[in-house]
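*Asks:* sequence and predicted structure are below.
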Amino acid sequence: MTRVTVDLSDQTESDLQRLVDQGEFISRDQAIEDLLSRGLSAYQPVEDSPNEMDETMFDRVTDEQQDPAIQDDEGGDPRF
């Protein structure tokens, strides 16, 4: 396990101690590790699987295409 030294503001230290005193965490170390892990997981980007990305790109391209025979003029006749 890696050891890290961090300087905390007095307010953050007080908040951590309050969480430990309230029984949210067993110790200050556990509180710091758990809260840091939660913060890191919130910033991890969600990766699309290659198949999902390919389908999304395909759908986007086909949704943008239109059959010219289906498009109507103001007169209502299809154009070829």
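*Replies:* Here it is on my side, so go on. Numbers count the residues shown, from 1 in each chain.
*Asks:* all helices of this protein, in order?
*Replies:* With DSSP state H, the ranges of helices along the chain come out as 10-21, 28-43, 50-64.
*Asks:* for stretch 21-41, which positions count as buried?
*Replies:* Buried residues in stretch 21-41, counted by 16 or more other Cβ atoms under 10 Å: 25, 31, 32, 35. From N, CA and C alone the C-beta is placed, and that goes for glycine too.
*Asks:* which one among the residues you listed gets closest to residue 1?
*Replies:* Distance to residue 1 across the buried residues of stretch 21-41 (Cβ to Cβ) is lowest for residue 32, with 12.7 Å.
*Asks:* how far away is the residue lying closest to residue 8 once chain neighbours are set aside from residue 27?
*Replies:* Among residues not flanking residue 8 along the chain, residue 16 sits closest, at 7.4 Å (Cβ to Cβ, 6 or more residues apart in numbering). To residue 27, residue 16 is 10 Å away according to Cβ to Cβ, to the nearest Å.
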